[in-house]
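[1] got a sequence here, can you model it:
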Amino acid sequence: MVILEEQTSDAEHVEPVVKKATLDQFWKLGQARNEKNRLESASKVLQAVAKSEVEAVYTVTRLVKGLAGSSNNARQGYFVCLTELLRQAEVEYKTVAKQVQANLKIGGTLTKGEEADFL
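    Residues are numbered from 1 along each chain as shown. Coordinates of the predicted model:
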């Protein structure tokens, strides 16, 4: 769950605060049908991270989850943004690996050959 521009008072579990405009850029990134729109949306997401409007770890989580999408265009957009985020924001490999392990799981309906592709 993400909270739009407000903080929770719960000291144990603080949700990331993300502006609606930034969340819209993630949506646009997944909906982009051409390279120009993909790059524009990815650039705006990366600018939000650079300005500390959104945490890098939250961004990695959203982008990794987007890689599991069914749309080829969405996967391309999330991949472009994730690779550029890794280059610019000095995100550690273990952070990405942890998110991949947690969010990209092999489904139960795959054949042995398809399952091997993931390993």
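[2] in the chain, which ranges drop under the pLDDT threshold?
    In the predicted model of the chain, residues 1-16, 106-119 satisfy pLDDT under 70.
[3] can you give me the helices in it?
    If DSSP state H is used as the criterion, the helices of the chain fall at 20-31, 35-50, 56-66, 72-89, 93-103, 112-118.
[4] grab the most central residue of this protein for me.
    Closest residue to the average C-alpha location of the chain: L63 at 1.5 Å, with CA atoms, centre = their mean.
[5] enumerate every residue touching it.
    Residues counted as contacts of L63 (CB atoms under 8 Å, 6 or more residues apart in numbering) are 78, 81-82, 85. Yep, even glycine has a C-beta here, placed from its N, CA and C like the rest.
[6] ok, of these, which one's closest to V96?
    Nearest to V96 among these, counting by CB to CB, is L82 at 7.8 Å.
[7] correct me, but the closest one touches L67?
    Yes - at 7.3 Å, L82 counts as touching L67 under the criterion of CB atoms under 8 Å.
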